[in-house]
Structure formats: C-alpha cells, structure tokens
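Colleague: okay, sequence plus prediction incoming.
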Amino acid sequence: MDNNLLWSNFLEVVKRKISTVSYDTWFKDTKILKQEEGKLLIEVPMSFHKKFLKDTYYDLIDEILNDLVGCSYDLEFVVEEDIIEEEKSEEKLDEDYFSINSNLNPKYTFENFVIGDSNRFAQTASVAVAEEPGKIYNPLFIHGKSGLGKTHLMHAIGNYVSENSKKKVLYVTSEEFISDFIGINKKNEDNLEVIEHFKYKYRNIDVLIIDDIQFLGGAEKTQQEFFHTFNTLYDSNKQIIISSDRSPDDLKLLEDRLRTRFRWGLTVDIYPPDFDLRCKILKDKMAGHEVASLVQNEVIEYIATNCENDVRHLEGAITRLYAYAAIMSPKEINVEFATEALKDYIGSSIYITNNIVRIQKAVADYYKITIDDLKSKKRTANINKPRQIAMYLSRMTTEETVVKIGLEFGNRDHSTVLYAYDKINKEIKENETLKKEINEIKNLIVN
Ligand code: ADP
Ligand code: MG
C-alpha cells in the first residue's frame, strides 16, 4: 500500500478509537515519511509528540497498522530536524568498526537537574564522580524507584566527563549489555571479531555506566561476564556507575560476589520529591515554552499536589497541559483550565491513557500469550484466566467503562467483564499466588 494511502486509512481508524481532542493533539499533523526494511518513519510536528506517541500510543498504532497490512513495523517518530541530523550521522557511522558510540543523551545534564532534599546526596556524589572519575567513589551505585532521575544523573555524569576530559564513556542499559553478550555466544563465522569487539567495547573505556542492573538478574553467564568486566575496569581504576530500582542488598537475583563488589564503593538512594521540589521541577520544566507566561502559580501547586509519585509523572502533566493549551489558546492558564486539561491524568495517578492496551500487553507478556489470544474466543484455561485477570485490572485501575472494556476484549458483552472482575476479586482474597502474579503484572504496567 502506498504510504499516503496507508496513513490516511490508519488515521481514519485511530480517529474512531480515541477522543477528538487526543486525535487533534497527537495524530492530526502526522505523516509517514518513509518505509524501509520493516521500519516506518513517522513525522510528527514537535519533539514532545515523539515521546508521547511512543510511550502512550505505540501499541495502538502497531495494532491498527497490523490490522491494515497484516504485519508489524518498527515505528520511529521523528521531527524534521532529526532527518537532517540522521543524514549527517550516517556519514560518520562507517568510519571505524571500533568506534564506540557512548550512547549519551546530551539532553540530560547537571544544569537541568533540579536539586532538593530527596536527591541532593545522589546529585553531590554524581558531581564528585564526574569531576574525578575512578578516584573516589567506585563504583557509584544509585538506586531509587522509577522516574526519580537515576538515568538523568548517569547521563549527566557521562556528559560532564566527555566534555571536560578525553576520557571515554560508555552508557548501556543492562539489556544492551545482555544482548551484546548474547552476540558473542552465537556461533558464526565472524565470532572472533565479535568477541574482540565486545572486549574492546567494554574494557577499553574509562567510565562504564550500566543502567537498571536489576534486569541482569537471572542471566548467569552474563553476570559472570559482567563480573570480569567489572574487575578489569576496577583494577585499572576505571569508574563504574550502576543504577537499580533497589539497593544492592535487595538485588536477590544477583550473585553474592557481584553484590559485594557493589558495596566497595558508594551507594546513594533517591527518594520521591517532596512538594517543594515538585514545584521547583515544574517551574523549571515549564519555563521557556511560549505559553509559560500564562501559567498561574496556583497551577504549579495544583499539579504538585496531585502528581506525587515521580518526576516522569510531573513531566506528563506539563506535556498534556501545554498540548491542551496549544489547541485551546487560552488567555491564561489557571487552575480551572488545568483541571480540565488534566482530568484524565490526575487521579488515575499511575495509569495513563490507553490503559487497556497497556494492561493487555503486560498480561499477555506475563503469561507468554498474545494480545490476540486475549481478544479471541478461545476458552482454554491458559488463555481464559489471563483474560479475566486483564479485564479485572482494566476495571480496577482505569476509568474506562465496562462497555468499553468489553469492546477492547474482542467485542464482549459488559456482563462478561463484570463477571471476570467479581471472580478475580474473590479469588485474589484466598489465593496468594494469584495475588502475587497480579502484583507483578501491575509492576509491568507501571514500568
Ligand atoms: P529513572 O531513571 O530514575 O527512572 P529518569 O532519570 O529517567 O528516572 O527521570 C525521569 C524523567 O524525569 C526524565 O525526563 C528526567 O529528566 C526527569 N527528572 C528526574 N529528576 C529530575 C530532576 N531532579 N530535575 C529535573 N528533571 C528530572
Ligand atoms: Mg532509568
């Protein structure tokens, strides 16, 4: 199908699935830029569309496209400037097989990290490490719940080091580390070269940043490789920075000797921001936007009062508020306006829009079945139970009506949803295993 036709068909469908405001805000001015090797480049008007579409609507877009063309694309959202950037960087890419990309995101710096009581310790330690990598706190271990700024601080350290010295920095998530490692274990002709590349990538650097180490849990061989890499770097006084959503002691799946190593250095934790810090962060992030001057002070307090969990939540509120302002062109942004703009967001604190699809995805992943299974008419236990759980979660954690939920589960009647809800609600009180599974799924949805 021709790109324009595909996209106009897509827009038709999406328009019916979401509210008009959401459609106008997020989809109206988008188009397919090009299609290559299973990848679809979608051009969007502003930078904030990229993140929002990816975080919130990815699955929906994927699903609709799938219905239209019968296959999945890798979706990438770009703004005009990205395309120019990409053309430049493609030229650079082939230069050297061994040229390692640091993976640093220049967006995250110490300058735009707002400090308060809950993150001061972590920030101070990070600055100290950035100034003298490998000298004082090695490794630096940062832990705290999701959305509190760990990744931001780690990039800030990396950016600082890169700017102020010739030292080589490498930022990887533990997933990337694992997938690189799997690469070296594959038997293929180029394997020697791949192993060399792995060693080169991980051992010839001055600062190694590994994000979300909790995901390394369970992958034993990878842990061993990480252990070697860790020792090699540590013994040559190279800086190692690690983050996790829990403290080293709570990383139960990691080998003891790895946890012991982590304790050699400094462990810092980040707490959720208090009200003052939430206000400070909001002000900082709202500034500079063209409608910033319209925002009344009470709006900041209103958001800070209602979004308590983490910084990502605050950012989401700003994005929505500004997107709504872009459509409504208000004379001032007061609490009334903010309440209207954020009515679906605030209150449903953790869960953001398109909840049902997210829940379905989490449940399907968890039980190793597909979203299509959940929507299908299949009634085998291995599908029926997850389906009921997904309906239960949809009813319990979202604002959606049972009619809408039924619709999203293969156009089932709302009484089926009610039945599933009651059933799981009862079972959960008696069945510890089920309760635990549901809690684990909830964590998957939040992340
Ligand atoms: P984590 O890695 O702990 O899950 P992130 O570092 O990804 O969290 O932070 C989530 C978002 O919140 C990012 O966009 C980040 O820039 C922002 N953020 C977190 N803490 C702060 C802070 N103190 N000041 C400014 N932005 C912050
Ligand atoms: Mg992170």
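Modeller: Yes, it's here. Ligands and ions are numbered 1, 2, ... in the order given.
Colleague: shaky segments in the stretch 101-250 of the chain?
Modeller: For the stretch 101-250 of the chain, the stretches with pLDDT under 70 are 184-192, 218-219.
Colleague: for it, what spans make up the helices?
Modeller: Taking DSSP state H, counting those that start in this stretch, the helices of the stretch 101-250 of the chain run over residues 120-131, 150-164, 174-185, 191-203, 220-235.
Colleague: list the buried ones in the longest one?
Modeller: If I follow you right, that is helix 220-235. Judged by neighbour count (16 or more other C-beta atoms under 10 Å), helix 220-235 contains these buried residues: 222-223, 225-226, 229-230, 233-234. Bear in mind the C-beta positions are built from the backbone N, C-alpha and C, glycine included.
Colleague: now the third one
Modeller: Of the residues in helix 174-185, those buried under the neighbour-count criterion (16+ other C-beta under 10 Å) are 174, 177-178, 180-181.
Colleague: please apply the same query to the second one.
Modeller: If you call a residue buried by 16+ other C-beta under 10 Å, then helix 150-164 has these buried ones: 150-162.
Colleague: between those residues, which is nearest K368?
Modeller: T151 (28.3 Å; C-beta to C-beta).
Colleague: residues contacting the spatially closest residue to the closest one that is not a sequence neighbour?
Modeller: Distances taken as C-beta to C-beta, 6 or more residues apart in numbering place D211 nearest to T151, at 5.7 Å, with adjacent residues excluded. Residues near D211 by C-beta atoms under 8 Å, 6 or more residues apart in numbering: 150-151, 154, 171-174, 243.
Colleague: report how many residues lie close to the closest residue to ligand 1 within the stretch 301-447 of the chain.
Modeller: Proximity to ligand 1, evaluated over the stretch 301-447 of the chain using C-beta to the nearest ligand atom, is greatest for V311 at 3.5 Å. A count of nearby residues for V311, using other C-beta atoms under 10 Å, gives 23.
Colleague: wait, it sits on G147?
Modeller: Yes: counting by C-beta atoms under 8 Å, V311 does reach G147; the two are 5.6 Å apart.
Colleague: tell me the pLDDT of the closest residue to K39 other than its chain neighbours.
Modeller: Counting by C-beta to C-beta, 6+ apart, D74 is the residue found nearest to K39 once chain neighbours are left out, at 4.5 Å. Looking at D74, its pLDDT reads 90.
Colleague: what about D74, distance to ligand 1?
Modeller: 22 Å (C-beta to the nearest ligand atom, to the nearest Å).
Colleague: quick check: phi and psi at that residue.
Modeller: The phi/psi pair for D74 (degrees, to the nearest 10) reads phi -80, psi 120.
Colleague: surely it and L40 touch.
Modeller: Yes: D74 lies in contact with L40 (C-beta under 8 Å); the separation is 7.0 Å.
Colleague: the two: who's more crowded?
Modeller: L40 (21 against 11).
Colleague: for E86, which non-adjacent residue is closest in space?
Modeller: That would be V78: by C-beta to C-beta, 6+ apart, it lies 7.8 Å from E86.
Colleague: so that neighbour makes contact with E43?
Modeller: Yes: under the criterion of C-beta under 8 Å, V78 is in contact with E43, at a separation of 5.8 Å.
Colleague: who touches D67 in this structure?
Modeller: So D67 contacts V13 (C-beta under 8 Å, 6+ apart).
Colleague: quickly find the element holding it.
Modeller: D67 belongs to helix 58-69 when assigned by DSSP states H and E.
Colleague: if we can go back for a sec, just give me the closest of the buried residues of helix 220-235 to F262.
Modeller: Nearest member of the buried residues of helix 220-235 to F262, counting by C-beta to C-beta, is F230, at 9.0 Å.
Colleague: residues contacting that closest one?
Modeller: Contacts of F230 by C-beta under 8 Å, 6+ apart are 139, 240, 258, 261.
Colleague: distance of the third one relative to ligand 1?
Modeller: Meaning L258. 21 Å.
Colleague: for that residue, grab the count of nearby residues.
Modeller: 18.
Colleague: okay, it: pLDDT?
Modeller: 82.
Colleague: repeat that for I83.
Modeller: 78.
Colleague: I'd guessed it sits against K34; true?
Modeller: No: proximity of I83 to K34 does not meet the contact threshold set by C-beta under 8 Å, at 9.4 Å.
Colleague: return the residues of this structure in contact with ligand 1.
Modeller: Counting by C-beta under 6 Å from any ligand atom, the residues of the chain close to ligand 1 are 108, 112-114, 119, 144, 146-152, 281, 311-312, 315.
Colleague: from these, list just the buried residues.
Modeller: Listed as buried from these are 108, 113-114, 119, 144, 147-152, 281, 311, 315; burial here means 16+ other C-beta under 10 Å.
Colleague: P273 in helix, strand or coil?
Modeller: coil (DSSP: H, G, I helix; E, B strand; the rest coil).
Colleague: just the closest residue of the protein to ligand 1, please.
Modeller: The nearest approach of the chain to ligand 1 comes at G149, 2.8 Å away (C-beta to the nearest ligand atom).
Colleague: pull the contacting residues for that residue.
Modeller: Per C-beta under 8 Å, 6+ apart, neighbours of G149: 113, 119, 122, 270, 311.
Colleague: and the strands in this protein, which stretches?
Modeller: 31-36, 39-43, 74-78, 140-143, 169-173, 207-211, 239-244, 266-269 (DSSP state E).
Colleague: on contacts alone, who are the packing partners of the fifth one?
Modeller: So the one you mean is strand 169-173. On a contact count with 3 or more C-beta pairs under 8 Å, 6 or more residues apart in numbering; DSSP states H and E, strand 169-173 meets helix 150-164, strand 207-211.
Colleague: hmm, back to that, could you tell me which residues touch both of V78 and E43?
Modeller: L33.
Colleague: what's the distance between the residue of the chain closest to ligand 1 and N297?
Modeller: Here the criterion is C-beta to C-beta, to the nearest Å. By it, G149 lies 24 Å from N297.
Colleague: distance of the residue nearest to S102 when sequence neighbours are not counted from F227?
Modeller: Nearest non-adjacent residue to S102, counting by C-beta to C-beta, 6+ apart: V169, 4.9 Å away. As judged by C-beta to C-beta, V169 and F227 stand 21 Å apart.
Colleague: please name the residues that touch the nearest residue to P273 once chain neighbours are set aside.
Modeller: Closest residue to P273 apart from its sequence neighbours, by C-beta to C-beta, 6+ apart: S118 at 5.3 Å. By C-beta under 8 Å, 6+ apart, S118 lies in contact with 148, 270-274, 277.
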